[in-house]
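Participant: Here's a sequence, model it:
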Amino acid sequence: MTVDEYLEFEEQAPLRHEYVNGAIYAMNGVSVAHARISGELADAVRAHLRGGPCEVFSADLKLLIRSDTDEIFYYPDMMVACQRDDYGPNYVRNPKLVAEILSPSTQHIDRREKAMTYRRIASVEEYVLLAQDDHKVIVHRRAEKWRPQSYSGPEATVEFRSIGLSVPLAQIYEGTL
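Facilitator: Below you'll find the model as predicted:
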């Protein structure tokens, strides 16, 4: 399937699909915990970014990754992008922060395939993984050679250095555990 065929198909499809070099993959529905974590995280980031050049986007917007060897459209759970010239009508390119909430069915893809792919995007400074069933956030930073830093427990506060924001895990996981 070509990119144009995918984009046309995706506009008509009742479910969302990710596109990886010609193949499409249906996206699973999310749990209540997943939706709450996503909402709380996006709310905290949105409030922090208000009035600045960067914007937060949720899982309803595609991320386009294009290189010499790849054409990929993912739906990250959350991303922050600052270069408005890189926005398309239904996607963004070149985010500085990308976050995925780990689901049992997708965590291996998030930890491996997507981690490797996001690292190849020159603008990405942080890749964030959030557990669904525990107060646990893992942040991978380009500036630290992608070594993971783990934040655990409701009393912990996660740092999103790429956007200058610290958020208590209790706030991100409010109502979930």
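Participant: alpha carbons only for contacts and neighbour counts from here, please
Facilitator: Will do.
Participant: which non-adjacent residue is nearest Thr2?
Facilitator: Of all residues not flanking Thr2 in the chain, Gly22 sits nearest, at 5.9 Å (Cα to Cα, 6 or more residues apart in numbering).
Participant: Quick check: which ranges of this structure have low pLDDT?
Facilitator: Filtered on pLDDT under 70, the chain yields the residue ranges 177.
Participant: which residues in it form strands?
Facilitator: Along the chain, the segments classed as strands by DSSP state E run 17-20, 23-26, 55-58, 62-66, 71-74, 78-81, 91-92, 95-101, 126-130, 136-141, 148-152, 157-160, 165-168.
Participant: Off-centre distance for the fifth one?
Facilitator: Taking Cα atoms, centre = their mean, to the nearest Å, one finds strand 71-74 lying 13 Å from the centre of the chain it belongs to.
Participant: what about the longest helix in this protein?
Facilitator: helix 32-49 (DSSP state H).
Participant: quick one: which of the strands of the chain is nearest Val32?
Facilitator: Smallest distance to Val32 across the strands of the chain (Cα to Cα): 12.1 Å, for strand 95-101.
Participant: sorry, back to before: any chance of the strands of the chain in TSV, with distance to Gly39 and mean neighbour count too?
Facilitator: Shown next, in TSV, are the strands of the chain (distance: least, Cα to Cα, whole Å; neighbours: other Cα atoms under 10 Å):
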stretch	distance to Gly39	mean neighbour count
strand 17-20	21	19
strand 23-26	22	13
strand 55-58	8	20
strand 62-66	17	21
strand 71-74	19	20
strand 78-81	9	24
strand 91-92	20	20
strand 95-101	11	23
strand 126-130	13	24
strand 136-141	15	20
strand 148-152	19	16
strand 157-160	16	18
strand 165-168	13	15
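Participant: So which of those is nearest Ala35?
Facilitator: Of all the strands of the chain, it is strand 95-101 that lies closest to Ala35, at 9.3 Å by Cα to Cα.
Participant: related to what we said a few turns ago, can I get the strands of the chain in a markdown table with distance to Glu11?
Facilitator: Formatted as a markdown table, these follow (distance: least, Cα to Cα, whole Å):
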| stretch | distance to Glu11 |
| --- | --- |
| strand 17-20 | 10 |
| strand 23-26 | 14 |
| strand 55-58 | 17 |
| strand 62-66 | 12 |
| strand 71-74 | 13 |
| strand 78-81 | 20 |
| strand 91-92 | 12 |
| strand 95-101 | 23 |
| strand 126-130 | 28 |
| strand 136-141 | 33 |
| strand 148-152 | 36 |
| strand 157-160 | 33 |
| strand 165-168 | 34 |
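Participant: Out of these, the one nearest Arg120 is which?
Facilitator: Between these, strand 62-66 lies closest to Arg120; by Cα to Cα that is 9.0 Å.
Participant: Give the pairing partners of the closest one; include direction for each.
Facilitator: strand 71-74 (antiparallel), strand 91-92 (parallel) (DSSP bridges).
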